[in-house]
Structures are given as structure tokens and as C-alpha cells.
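**Student:** Okay, structure incoming, though there's no sequence with it:
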Ligand code: 0RA
């Protein structure tokens, strides 16, 4: 109730201030001289975002605030998934602004047609809602997933955003205020680096708080590093000092073992029944599948499933396929192979999941999500996952 009241209050204030801004810009002729049809279209798109931020990032509270970081990082992870980046560095600054740097290809800088006008592609990516679609490639994209609203949404909800691109030997820069360019997109130097830097300060007129929580960011960034083995993700918090080093608080997440290390992490402090997690990985029918599991001596189940790095809290096809295969394999082994179960005896799904810690991660193009919170994978891949797990767990092989 309180949240809703706060939000509707913000909604009204935002609506008023947006109208005021638009009038001012019209009077000024904009920050960059002329307002073209295209810049107006772009502005209208991002005004919709500022008017109803929750529609794009879920909330204007802590969740939404942290989502801004995930949105930018997801774009960097996409570069990693496409094989062009292996490092992402995230920094929380004193003023709660955030910097995300990756060593990917860099956002494209060439001029492109946008509604009959030529604009640098990067400016379109940063100022046009859903511009990402214009650059669609065939690979799995995190940013095509759950929220996947694009970096322009982050721009629209930021008081200030500074973009720097290192591409083809040159440095390119542009700055924005509330999603509106405050400088032209320009070449500012030469470089041997490759990649993208996004520095943004969340707009305090949008969010109920702009104070970032280190542990919240660390948890998701660690998870992303588990889910994308070999990818290095760092988190630096300039607001806090490490007592030992006297430097800013810092963590590096890199897991060559991928989700096998995730499962070990989830089992920390528990008594595992076998030393190493069971790990399997394959690509079949265009679906990349990765599964790790390890039993402990407890009775509870912790199975986490992901599709394109998105935590599918309500499971779905990938989880169903895994569960079916696990139950069948254990029952087959118990009766036919090991003779531990009588003809009439069988273990239920619940039985075989006692003490189970597992991570099921699939990557596929155009994942279908369903349900109220889009937390369930609805793509037709249960059979593919089931056949894969049956085969890899088969004790007779
Ligand atoms: C549009 C197209 C391409 C890459 C990107 C955007 C991109 C966005 C971000 C945001 C943070 N880091 C990023 N890295 C890349 C495709 C690139 C191409 O085809 O050259």
C-alpha cells in the first residue's frame, strides 16, 4: 500500500516535471540546437520510461535501482556470450553512480538511418527504446530475456550518463542528461583498447533510494560469473575501504568450473555425500545445456534453474526434463541395475530430491517465458534436456 502511494505520488510529480522540461526544451530549441523529428521520437520513447519506470524495470525501489546495473551488465554479458568479451568491471562510486566497463566489440559507432536521418548507431542504442532489435543477431541474448529493456532505459532513468567506446583504434564519447544528449557523439582520441564504458548516476527524482547495496550486486555478479564460465567479473566499492589493503572494497568472480563451482558454493558448510559435483554439458538441437548436482546428508532440496542467465523461479521445461530423467535413472538403477528395490518399490520425485543441490542452466535463442512474473520457461525443450540427462546419468555406460 505504502509503495503504491509513493509510486503514484512520484508518477504525478514526474508527469508535471516532464511536461515542464518539454516546454523548456522547446523554448530553448533543445540542448543541442535543433529538435529534429527523430530526436523528438527518441525523447518521447524515453519520456514514456520516465513516466512509468516500473513498467520497464519492475519498481522504482531498491530492486529497480539495482536492475539498472543488471541491464547494462547484461549487454556486456551478451558480448561475452557472442565470444567477444571475457571481462566486465563494475564500480560503485562515492556518489552511488556506477561504472560498467567491458572488453567487447564496443557499441557500433557508424552512422545509421533512423527515420530518414543519419545518427550514430550508439546514439540510437542509448536514446531509442527497444533499439536493440535493430541489431539483432542469432546468438542467445540475456537482454532478450526477462526485462531485457535495453540500455536506453537506464539512460532515461539516469540524471547523468557518460558513454565511452573504444573501437577500431578510436575513442568515442557522448554524455546525456535524463536520456537526452548533452554533447554530440564525437571521436575524442585513439586507443588500443576495445570495449564499452557506461557511467551513470540514477535519477533521485525517479528512485525512492539511490543507495546501492554491495552484497546485492555481488550476489548477482557472482551468479553471472558461475553461469558464464571463464568470464571475469569484478566489483569495486569506492564508498568502502578494505581494512587490510587500505584500498576500495573489491571482489573478483571467475569460475573456470562454471556451475559445478556454483553447486559447491551452495553446498558450503554442508556435508556432501560425494566429493565432486556431477557435471554435464552439451549443445543439442540449438540448446546449450549445463547441469551440475551434488547430494548432501540433509533432507531439503535446493535446485536452481536458469534460462539465458535468467533465474527461472517457477522452473519450466528445462527443470521438468531434468527432474523426470533424475527420477527415472535412479529408479532404474535401484531396481534393474543394483537390485536394491523390489519389483513393487519405487522412489518418488520428492524422495530422489532429498539432499539434492543442483543447478540447471540452458541457453537458447528466443526463449519463451510465461507466468505472472515471467519466471517460467515455456520453450519446448523438456524432451531434449531429459534425453541428455538420461544418457549422461546412465549407470550402464
Ligand atoms: C548494439 C549492437 C552490438 C553491440 C552492442 C549494441 C553493445 C552494447 C553494449 C552495452 C554495453 N556494452 C556493450 N557492448 C556492445 C553489436 C556489435 C557489432 O555488431 O559490432
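**Tutor:** Structure's in. What do you need? Predicted, not measured: the structure shown is a model, and the values here were computed from it.
**Student:** CA atoms for contacts and neighbours, from now on please.
**Tutor:** OK.
**Student:** Need the pLDDT of the residue in the stretch 101-250 of the chain that the ligand sits nearest to.
**Tutor:** Proximity of the stretch 101-250 of the chain to the ligand (Cα to the nearest ligand atom) peaks at residue 107, 4.2 Å away. Note on residue 107: pLDDT of 97.
**Student:** Quick check: it is in a helix.
**Tutor:** No - under DSSP: H, G, I helix; E, B strand; the rest coil, residue 107 sits outside any helix and is assigned coil.
**Student:** Report how far apart the opening and closing residues of stretch 159-177 are.
**Tutor:** Start-to-end span of stretch 159-177 (Cα to Cα, to the nearest Å) is 5 Å.
**Student:** and what of stretch 165-175?
**Tutor:** End-to-end for stretch 165-175, by Cα to Cα: 12 Å.
**Student:** Give me the contact list for it.
**Tutor:** The contact list for stretch 165-175, computed with Cα atoms under 8 Å, 6 or more residues apart in numbering, reads 105-107, 109, 160-164, 181-197.
**Student:** Give me the contact list for stretch 80-88.
**Tutor:** 73, 76-77, 79, 100-105, 139-141, 228, 230-234.
**Student:** go again using 6 Å as the cut-off
**Tutor:** 79, 101, 102, 103, 104, 231, 232, 233 (Cα atoms under 6 Å, 6 or more residues apart in numbering).
**Student:** Is it correct that the fifth one is in contact with residue 195?
**Tutor:** Yes - when contacts are counted by Cα atoms under 6 Å, residue 104 is listed as touching residue 195 (4.4 Å).
**Student:** Looking at the two, which is more packed in?
**Tutor:** Comparing residue 104 with residue 195 by other Cα atoms under 10 Å, the one with more neighbours is residue 104, at 26 against 23.
**Student:** and the more buried one, what helix or strand is that in?
**Tutor:** Using DSSP states H and E, residue 104 sits within no helix or strand.
**Student:** so what pLDDT did it get?
**Tutor:** Looking at residue 104, the pLDDT reads 98.
**Student:** From residue 71, how far out is residue 345?
**Tutor:** Residue 345 is 49 Å from residue 71, by Cα to Cα.
**Student:** Check the secondary structure at the residue positioned nearest the centre of the chain for me.
**Tutor:** In the chain, the C-alpha nearest the mean C-alpha coordinate belongs to residue 74, at 3.9 Å (Cα atoms, centre = their mean). Three-state call for residue 74 (three-state DSSP): helix.
**Student:** So residue 345 and residue 71 - more neighbours on which side?
**Tutor:** Neighbour count, other Cα under 10 Å: between residue 345 and residue 71, residue 71 has more, with 22 against 11.
**Student:** in what helix or strand does the residue nearest to residue 162 when sequence neighbours are not counted lie?
**Tutor:** Of all residues not flanking residue 162 in the chain, residue 175 sits nearest, at 4.5 Å (Cα to Cα, 6 or more residues apart in numbering). Residue 175 is part of strand 170-177 when elements are defined by DSSP H and E.
**Student:** The helix or strand harbouring residue 198 - contacts with which helices or strands?
**Tutor:** According to DSSP H and E, residue 198 maps onto strand 195-202. Using 3 or more Cα pairs under 6 Å, 6 or more residues apart in numbering; DSSP states H and E, the elements in contact with strand 195-202 are strand 98-102, strand 158-167.
**Student:** Give the rounded mean pLDDT of the longest one.
**Tutor:** Strand 158-167 shows a mean pLDDT of 98 in the predicted model.
**Student:** so what strands line up beside that strand?
**Tutor:** Using DSSP bridges, the strands paired with strand 158-167 are strand 170-177 (antiparallel), strand 195-202 (antiparallel).
**Student:** Just the angle for that strand relative to strand 98-102, thanks.
**Tutor:** 20 degrees (axes from the mean of the first three to the mean of the last three Cα atoms, to 10 degrees).
**Student:** All further residue positions should be reported with the first residue as 704.
**Tutor:** I'll keep to 704 as the first residue from here, and by that count the last item is strand 861-870.
**Student:** and strand 861-870 with the ligand, contact?
**Tutor:** No - figure legend: strand 861-870 not in contact with the ligand (Cα under 6 Å from any ligand atom); closest approach 8.7 Å.
**Student:** Can you name the residues of the stretch 704-853 of the chain sitting close to the ligand?
**Tutor:** Going by Cα under 6 Å from any ligand atom, the residues of the stretch 704-853 of the chain near the ligand are 775, 778, 779, 782, 807, 808, 809, 810, 811, 838.
**Student:** and the residue nearest to the centre of the chain, how far is that from residue 807?
**Tutor:** 12 Å.
**Student:** Same check on residue 1060?
**Tutor:** Going from residue 1060 to residue 807 by Cα to Cα gives 34 Å.
**Student:** give me the low-pLDDT residue ranges for this protein?
**Tutor:** For the chain, applying pLDDT under 70 flags the ranges 704-747, 835-851, 1100.
**Student:** Helices of that one, start to end?
**Tutor:** Assignment of helices within the chain using DSSP state H yields the ranges 705-731, 740-754, 756-760, 765-784, 824-830, 854-859, 917-930, 962-969, 1020-1035, 1052-1055, 1085-1096.
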